[in-house]
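Show me the folded form of this:
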Amino acid sequence: MSGVPDPLPEGLHVLDVREDAEWVHGHIEGAVHVPMSELADRLDEVPDGQTLVVCKVGGRSARVAAYLLQQGRDVVNLDGGMLDWEAAGRPMVSETGQPPQVV
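Next comes the predicted model:
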């Protein structure tokens, strides 16, 4: 989709907390992938600075965002998750060789 401006503000990181199977089908380019179930063990992979936390509909990412806020991180939850992101026509990439989709 050429001509579509990057929908993320400069300097905003993205943390995708969905499972591997969800990630490979479609995600935000440049996002860091740490499944919610692995977060405690991989906390050092969470980007420093302002970070948008995403999952499929916003439930898991809301829990992760609350946890990260308690850890002193600068995070916000993407309400509506990747389903709303996809519905808005925002760009995604996939690892499957197929067009990206939210599963």
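
what about the longest helix in this structure?
In the chain, taking DSSP state H as the definition, the longest helix is helix 59-70.

wouldn't residue 68 be in contact with residue 75 here?
Yes: with contact defined as CB atoms under 8 Å, residue 68 counts as touching residue 75 (4.6 Å). In short, each C-beta sits where N, CA and C put it, glycine included.

list residues touching both of these two?
51, 53 (CB atoms under 8 Å, 6 or more residues apart in numbering).

which residues of the protein fall in helices?
Using DSSP H, helices in the chain cover 20-25, 59-70, 81-87.

Spit out the contact partners of the residue nearest to the spatial centre of the chain.
What sits nearest the mean C-alpha location of the chain, by CA atoms, centre = their mean, is residue 16, with 3.0 Å. Listed by CB under 8 Å, 6+ apart, the contact partners of residue 16 are 23, 27, 28, 31, 32, 33, 34, 54, 55, 82.

and if you look at residue 31?
Neighbouring residues of residue 31 by CB under 8 Å, 6+ apart: 14, 15, 16, 54.

Would you format those as TSV with distance to residue 93 and pLDDT included?
Listed next are the contacts of residue 31 as TSV, based on distance: CB to CB, whole Å; pLDDT from 0 to 100:
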residue	distance to residue 93	pLDDT
14	12	97
15	16	98
16	11	98
54	14	98
